[in-house]
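Peer 1: next comes the sequence, and after it the predicted model I'd like to discuss.
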Amino acid sequence: SYQIIRAIRESPLQPVGNDLSVVPQSHIKFYGRAWKPAPTTGRRDADPYARNTIHPHKPQFVILNEVKNLKKCNQNEILRRMPQTDKYAIRESFPTKQTESGGIVMSRLLKIFAAILAFFIYSPSGEIVCSAPLQTETLQMNFTVISDGHLEGNNSERQENYGEGLRDMASAEVQSRALVMVGDNTMNGQTLETAMLYGLINKYNQIDNVLMAAGNHELCPSKYNTGDYETLKNRFIRYNNAFLDHQIENLYHSQVIDGYHFIVLASDDDAGIQQYLSPAQLEWLDGELQSAAASGKPVFLFSHWPIDAVFSEVWPEGHVGEQSDELTALLEKYDNRIFFFTGHLHMGIYENGYGIKEDGRITYINVPSFGCENTDGEAEVQNTGMGLQVEVYETELVVRVRNFVAHEWTPYEYHFSL
């Protein structure tokens, strides 16, 4: 996706995370990429949002003196050319999907392929009775979370699960503001499976904001999924950006929805059933949490893998890995009320809240498997098709367990004070 990079010159006021509102405009410089050379003036007072008349729908950003001769250069090259005084560099995605003609063609081909697959793999059932929140009048925010759908090319039940589930979500009386899928969304991360998944999403989803997390089944090479980590990572990003409005550059990403921060973590390498968090991702998360703390609202964090010490009795090896302590320290660093949603464990639902743990301001919630029976713990409910509906009110957050495939609420719901 098209990139713009803003760098802050020396300023008495430094930003919080990516928030530049506290920095005087005179202390901000703009850098970027252009499809053709930018205006040659390179003046610092030039309009940073000047449009190129040849491409009226593709904003061209002025490139300043230090980098004005670069054309279609990459981010690292821009950063390398910046003066050392510009020490606070912030990358931002410009919200356009495909900027190159080849990318547009590829996106269209992917959508055609996915649409054909969606037509053949799932036929809708009858009418669905719409679901409703507990209190419509006082509801401030709601969103849906599912995990471990494990859509598989030769498994019609899992394909139908997604179709029925997406239709159930679309029929809600109050539409969710976001759908978050917490990894292992496909069984093998194959091109065919990924196209099936996005074909169903493209056809049946009605939720505006869809955020995807990657799990080990998407990122780890196997006999059913050839390619190295980078190949599989790039495939995940390519499909995300072809089908979803929320564009990503990396597997870890974030979005602010109605003032609430949604933060998605990822694994920066093939660590098998565990997760590897690179120093770069941890540094990025630090900035995200710092920025979110200023909002005063709860933070919603998502990762396929739980932290080492949380739910370890179910699967001791299936966790973040060596960076668990560093991640925990970051979560405790700022005054955030954090709800941390994970998957991976196929734990199911427990009447006594066995899939939920609270530690001060942090609530850890493990999401049941949407596509597989939840037999890896001692679950009271092991059915497929289950996910979470999260409802935010002024003084509390409610997590309700719904079977989206059977189109019915389970008896389980959990209330947390805010």
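Peer 2: Structure received.

Peer 1: in stretch 359-374, what counts as buried?
Peer 2: Of the residues in stretch 359-374, Ile362, Thr363, Tyr364, Ile365, Asn366, Val367, Pro368, Ser369, Phe370, Gly371, Cys372, Asn374 count as buried by neighbour count, 16 or more other C-beta atoms under 10 Å. Backbone N, C-alpha and C define where each C-beta goes, glycine included.

Peer 1: among those residues, which one has the lowest pLDDT?
Peer 2: pLDDT across these is lowest for Asn374, at 68.

Peer 1: returning to that earlier point: reformat the buried residues of stretch 359-374 as TSV; add distance to Phe341 and secondary structure.
Peer 2: TSV is the format used below for these (distance: C-beta to C-beta, whole Å; DSSP: H, G, I helix; E, B strand; the rest coil):
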residue	distance to Phe341	secondary structure
Ile362	12	strand
Thr363	9	strand
Tyr364	8	strand
Ile365	5	strand
Asn366	8	strand
Val367	6	coil
Pro368	11	coil
Ser369	13	strand
Phe370	13	coil
Gly371	17	coil
Cys372	18	coil
Asn374	16	coil
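
Peer 1: which of these sits closest to Ile307?
Peer 2: Tyr364 (7.2 Å; C-beta to C-beta).

Peer 1: my guess is that closest one meets Thr342, correct?
Peer 2: Yes: between Tyr364 and Thr342 there is a contact under C-beta atoms under 8 Å: 7.1 Å.

Peer 1: any shared contact partners between the two?
Peer 2: Pro306, Val310, Phe311 (C-beta atoms under 8 Å, 6 or more residues apart in numbering).

Peer 1: excluding chain neighbours, what is closest to the second one?
Peer 2: This points to Val310. Of all residues not flanking Val310 in the chain, Tyr364 sits nearest, at 4.8 Å (C-beta to C-beta, 6 or more residues apart in numbering).

Peer 1: mind listing what that neighbour touches?
Peer 2: For Tyr364, the contact set (C-beta under 8 Å, 6+ apart) comprises Pro306, Ile307, Val310, Phe311, Phe340, Thr342, Ile356, Lys357, Glu358.

Peer 1: how much space separates it from Glu391?
Peer 2: 19 Å (C-beta to C-beta, to the nearest Å).

Peer 1: check which helices and strands the lengthiest helix in the chain sits against.
Peer 2: Counting by DSSP state H, the longest helix found in the chain is helix 101-121. Using 3 or more C-beta pairs under 8 Å, 6 or more residues apart in numbering; DSSP states H and E as the contact test, the elements touching helix 101-121 are helix 156-170, helix 191-204, helix 229-243.

Peer 1: can I get the first one in PDB, CA atoms only?
Peer 2: Right, the one you point to is helix 156-170. C-alpha atoms of helix 156-170 as PDB (Å, rounded to 0.1, in the frame of the first residue of the first chain):
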ATOM      1  CA  SER A 156     -17.100 -29.300   4.100                       C
ATOM      2  CA  GLU A 157     -18.200 -29.000   7.700                       C
ATOM      3  CA  ARG A 158     -15.700 -26.300   8.400                       C
ATOM      4  CA  GLN A 159     -16.500 -24.500   5.200                       C
ATOM      5  CA  GLU A 160     -20.200 -24.500   6.200                       C
ATOM      6  CA  ASN A 161     -19.300 -23.300   9.700                       C
ATOM      7  CA  TYR A 162     -17.800 -20.100   8.300                       C
ATOM      8  CA  GLY A 163     -20.800 -19.600   6.000                       C
ATOM      9  CA  GLU A 164     -23.400 -20.100   8.700                       C
ATOM     10  CA  GLY A 165     -21.400 -18.100  11.200                       C
ATOM     11  CA  LEU A 166     -20.900 -15.100   9.000                       C
ATOM     12  CA  ARG A 167     -24.600 -15.100   8.100                       C
ATOM     13  CA  ASP A 168     -25.500 -15.300  11.800                       C
ATOM     14  CA  MET A 169     -23.200 -12.300  12.600                       C
ATOM     15  CA  ALA A 170     -24.700 -10.400   9.700                       C
END
